[in-house]
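Asker: Model the structure of this input:
(chains A and B)
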Amino acid sequence: MSNSDSPIKSIGLHIGEAAPGCKKTDPMLVIDHVKKSFGGLTAVDVEHLEIPKNAITALIGPNGAGKTTLFNLLTGFDTPDTGAWEFLGTSLSGVPSYKVAQMGQVRTFQLTKALSLLTVLDNMKLGAKNQVGESIFRALFPRAWRKQDAEIELKAIELLKRFNLEAKQADFAASLSGGQRKLLEMARALMTDPVLVMLDEPMAGVNPALTQSLLGHVLNLKKEGMTVLFVEHDMHMVRHIADWVVVMAEGKVVAEGPPETVMNEQAVIDAYLGAHQDTDLGVVTGRISVIDQEKEK
Amino acid sequence: MDWGTIINNTLAGLLTPTTIAFALAALGLAMHFGFAGLLNFGIAGFMAIGAYGYAISVLTFGFPWWGGMIVGIIGSILFAILLGVPTLRLRGDYLAIVTIAAAEIVRLLFLTTAFTDVTGSADGLFGYNNSGGFTSANPFPPGSYGWGPWTYNSETLWVLTFGLGVLAVCVWFLWALMRSPWGRVIKGIREDEEAIRALGKNVFAYKLQALIIGGIFGGMGGIIYAAFANVSPGVYVTSITFFIWTSLLLGGAATIWGPVIGAVIFWTLQAFLSNILPELALAGILPVSGTQAATLRFVLVGIGLMLLVIYRPQGIFGDKRELTFVK
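Answerer: This next block holds a predicted model:
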């Protein structure tokens, strides 16, 4: 992975000024007036938001800003009170989550969902779409699905190699470490041949060395023509790989733009990043050094 | 004590129509619980619908025996759909509550005097094997077959052969399904249905299919039971459901052969206990009366079930890593 040198950032993604709700030259997801409240609490209230195609967009914001809820709404895992949203020009309102996934929009979960008591290889093979043998009638006749299953297996092993999980393919997913499960979940998502990959905190609980390789994988997705939307709290990662940053607070989009500009906006610093965010630039996983600096003072 | 009789009766328990009927029902539960993770506590209801579907369509509507059996199977499919459509979208525990209640409703509907003409109420139904032609379809000439504890007359031999045939088909069917990509999705749903949904699979449809397949096996169990004995509402009580659960957990829930072997072990043990406990009471070793001693076996079943779940949750044949209650 060549993620030690700076990744090439996509530019010219937006039309006009980079402000909340600004137009994009080539949007993949267009969200309009999406609102969701739980009881009295408005979790998400997004006026207008466009996610650019073939770019890496980061969704950041303090805890409780509604990032994961927005993810759930966009992927059909939750239904909004009002609003509409389009994926590549097709309206997704009221479309069940499995159909959203079939359209090429795949997601991962904040709390990793590895299918513990299935082998790593079976986990991967489950990801493949349009499997003949998944129909109950054709399942009874191996002749109908054996060839396709072998092809899927080759593809799965290829991906496992890329994610360094090849040696684990026969083990139950339960035996994997937390970080390996993150890798498995991402690899499994790629089995669906997605066009939009939505990652919910891909780096949470992952050690620095693995973060490096995960970063490489995310950048590769873009290289291969996919669009990435991810929620993350690791600002170094966001700055390093994101082409576009959307900042949410209290359910609303409060700022958006390229990482360099957005993360210097006073409103964003006050609401989320904090005053020390500039002190450890250049260190990819520098949370510890921030704490050290805090202690020294 | 008469050890000869005890051993003879115990060995006879290895192969009876009851054992086969329970093996079929346990196979259905393996599909539901072991593979798809659906908590079905109403398997007795599926059996009752299979049995009554067969008996009623023969006696009331004059169907031939095979037609009646098909009606019994269609009945269990409809019952699965009726249970599944409202509950499968909810969390697993709700299905458990709904199935246990639904099985009781079914039993009480067959027991109530309101439909005595059709259901026979508390007396149940009989004579359908003769009038439907199941008995005369027997290819074995009258006589005595087998040897030792496994001596059968031609009627029992016919039920056994038929039952084993049905069981073999069902075992093959479950095996063929579970090795396929369909089975992979089903096991995935057992692990985490949200993850499967995120991969673009229609989880609800898969769960309903699993409920129907297991329901058909349960219904077939009821039909085989009815082909040997009479249909009586007193049979399809909740304790039958728990006997089947014990058989399933004994063999191993997420296995193909586990439920079959589990049912065999369960009924052999039952035969052994129901013979030895009264003998022990008579010999003065157990301080209870003979009748009390016979019921003691159900207490032992309960204790056995508890020990099983605590110390060997994967059953005899299961892979410890694949199915345990503590995840």
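
Asker: for the one helix or strand residue B:72 maps to, packing partners?
Answerer: Assigned by DSSP states H and E, residue B:72 belongs to helix B:65-87. Here helix B:65-87 touches helix B:43-59, helix B:92-111, helix B:128-131, helix B:203-228, going by 3 or more CB pairs under 8 Å, 6 or more residues apart in numbering or on different chains; DSSP states H and E. Every residue, glycine included, has its C-beta placed from N, CA and C.

Asker: Provide a list of residues in contact with residue A:38.
Answerer: With CB atoms under 8 Å, 6 or more residues apart in numbering or on different chains as the criterion, no residue contacts residue A:38.

Asker: returning to what we had before: now the helix holding residue B:72: buried residues?
Answerer: For helix B:65-87, the neighbour count (16 or more other CB atoms under 10 Å in any protein chain shown) marks B:65, B:67-77, B:79-80, B:83-84, B:87 as buried.

Asker: Apart from its chain neighbours, what residue comes closest to residue A:58?
Answerer: In space, residue A:58 comes closest to residue A:242 once its chain neighbours are excluded; the distance is 3.9 Å by CB to CB, 6 or more residues apart in numbering or on different chains.

Asker: re earlier: mean neighbour count, the helices and strands packed on helix B:65-87: which tops it?
Answerer: helix B:43-59 (a mean of 29; mean count of other CB atoms under 10 Å in any protein chain shown).

Asker: and it, what other elements does it pack with?
Answerer: Secondary elements touching helix B:43-59 (3+ CB pairs under 8 Å, 6+ apart): helix B:17-29, helix B:65-87, helix B:92-111, helix B:116-119, helix B:128-131, helix B:203-228, helix B:238-251.

Asker: what's the offset of the third one from the middle of its chain?
Answerer: Its chain's average C-alpha position is 16 Å from that of helix B:92-111, according to CA atoms, centre = their mean, to the nearest Å.

Asker: Residue B:304 - how many residues pack around it?
Answerer: 16 (other CB atoms under 10 Å in any protein chain shown).

Asker: ugh, wrong one, I meant residue A:95
Answerer: 17.

Asker: Report whether it is found in a strand, as I expect.
Answerer: No - counting by DSSP: H, G, I helix; E, B strand; the rest coil, residue A:95 falls outside a strand, being coil.

Asker: What parts of chain B come near chain A?
Answerer: B:173, B:176-177, B:179-185, B:187-188, B:190-192, B:194-203, B:209, B:213, B:321-323, B:327 (CB under 8 Å from any CB of the partner chain).

Asker: Please produce a PyMOL select command covering the buried subset of these.
Answerer: In PyMOL syntax, the buried subset of the residues of chain B next to chain A is picked out as below (16+ other CB under 10 Å):
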select buried, chain B and resi 173+176+177+180+181+182+183+184+185+187+188+190+191+192+195+196+197+198+199+200+201+202+203+209+213+322+323
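
Asker: Who are the contact partners of the residue lying closest to residue B:272 once chain neighbours are set aside?
Answerer: Leaving aside its chain neighbours, residue B:272 sits nearest to residue B:10 (4.2 Å; criterion: CB to CB, 6+ apart). Counting by CB under 8 Å, 6+ apart, residue B:10 touches B:149, B:268, B:271-272, B:275.

Asker: swap the cut-off to 10 Å and go again
Answerer: Shown in contact with residue B:10 (CB atoms under 10 Å, 6 or more residues apart in numbering or on different chains): B:149, B:267-276.

Asker: These: which two are farthest apart?
Answerer: B:149 and B:273 (16.5 Å; CB to CB).

Asker: So the two - more neighbours on which side?
Answerer: residue B:273 (19 against 15).

Asker: related to what we said a few turns ago, out of the helices and strands packed on helix B:43-59, which gets nearest to residue A:188?
Answerer: helix B:203-228 (15.8 Å).

Asker: Can you give the distance from the closest one to the centre of its chain?
Answerer: 10 Å.

Asker: could you give me the average pLDDT of it?
Answerer: For helix B:203-228, mean pLDDT rounds to 96.

Asker: got the angle for it vs helix B:43-59?
Answerer: Helix B:203-228 and helix B:43-59 meet at an angle of 60 degrees, taking axes from the mean of the first three to the mean of the last three CA atoms, to 10 degrees as the criterion.

Asker: now, which of the residues of chain B next to chain A lie within helices?
Answerer: Judged by DSSP state H, the residues of chain B next to chain A include B:173, B:176-177, B:181-185, B:187-188, B:190-191, B:194-198, B:203, B:209, B:213 as members of helices.

Asker: so who does the nearest residue to residue B:305 once chain neighbours are set aside touch?
Answerer: Nearest residue to residue B:305 in three dimensions, chain neighbours excluded: residue B:246, at 4.8 Å (CB to CB, 6+ apart). By CB under 10 Å, 6+ apart, the contact set of residue B:246 is B:22, B:26, B:262-263, B:265-266, B:269, B:301-302, B:304-305, B:308-309.

Asker: wait, what's in contact with residue B:258?
Answerer: B:26-27, B:30, B:34, B:247-252, B:314-318, B:323.

Asker: Just give me the closest of these to residue A:211.
Answerer: Looking across those and measuring by CB to CB, the closest to residue A:211 is residue B:323, at 34.7 Å.

Asker: and stretch A:93-106, how far out from the chain's middle?
Answerer: Distance, centroid of stretch A:93-106 to centroid of chain: 15 Å (CA atoms, centre = their mean).

Asker: Do you have the strands of chain A handy? List them.
Answerer: A:27-38, A:41-52, A:56-60, A:82-87, A:90-91, A:105-107, A:196-200, A:227-231, A:244-249, A:252-257 (DSSP state E).

Asker: ok, the fifth one near chain B or not?
Answerer: No - contact of strand A:90-91 with chain B (CB under 10 Å from any CB of the partner chain) is absent, the minimum separation being 15.1 Å.

Asker: which other residues reach that strand?
Answerer: So strand A:90-91 is contacted by A:30, A:84-85, A:100, A:103 (CB under 10 Å, 6+ apart).

Asker: Which neighbours in the sheet does it have, and how are they oriented?
Answerer: strand A:82-87 (antiparallel) (DSSP bridges).

Asker: Go ahead and name everything in contact with the partner strand.
Answerer: A:27-37, A:44-47, A:49-51, A:70, A:73-75, A:91-95, A:100, A:103-105, A:195-196.

Asker: Give me the buried entries from those.
Answerer: Buried, going by 16+ other CB under 10 Å: A:27-32, A:34-36, A:44-46, A:49-51, A:70, A:73-75, A:92, A:95, A:100, A:103-105, A:195-196, out of the contacts of strand A:82-87.

Asker: which non-adjacent residue is nearest residue B:64?
Answerer: Nearest to residue B:64 is residue B:133, by CB to CB, 6+ apart, at 5.6 Å.

Asker: Going by secondary structure, that neighbour is in what exactly?
Answerer: When the helices and strands are read off by DSSP H and E, none of them contains residue B:133.

Asker: and if you look at residue B:152?
Answerer: strand B:150-153.

Asker: Show me which residues of that strand are buried.
Answerer: Residues residue B:152 are the ones in strand B:150-153 that count as buried (16+ other CB under 10 Å).

Asker: The lowest-mean-pLDDT helix or strand in chain B - contacts with which helices or strands?
Answerer: Least confident helix or strand of chain B, by mean pLDDT, DSSP states H and E, is helix B:290-311 with a mean of 84. Contacts defined by 3 or more CB pairs under 10 Å, 6 or more residues apart in numbering or on different chains; DSSP states H and E place helix B:290-311 against helix B:238-251, helix B:258-282.

Asker: what angle separates the first one from helix B:43-59?
Answerer: It refers to helix B:238-251. Here helix B:238-251 runs at an angle of 120 degrees relative to helix B:43-59 (the same axes, to 10 degrees).

Asker: Now helix B:238-251: buried residues?
Answerer: B:240-251.

Asker: re earlier: out of the helices and strands packed on helix B:290-311, which gets nearest to residue A:125?
Answerer: Of the helices and strands packed on helix B:290-311, nearest to residue A:125 by CB to CB is helix B:258-282, at 24.5 Å.
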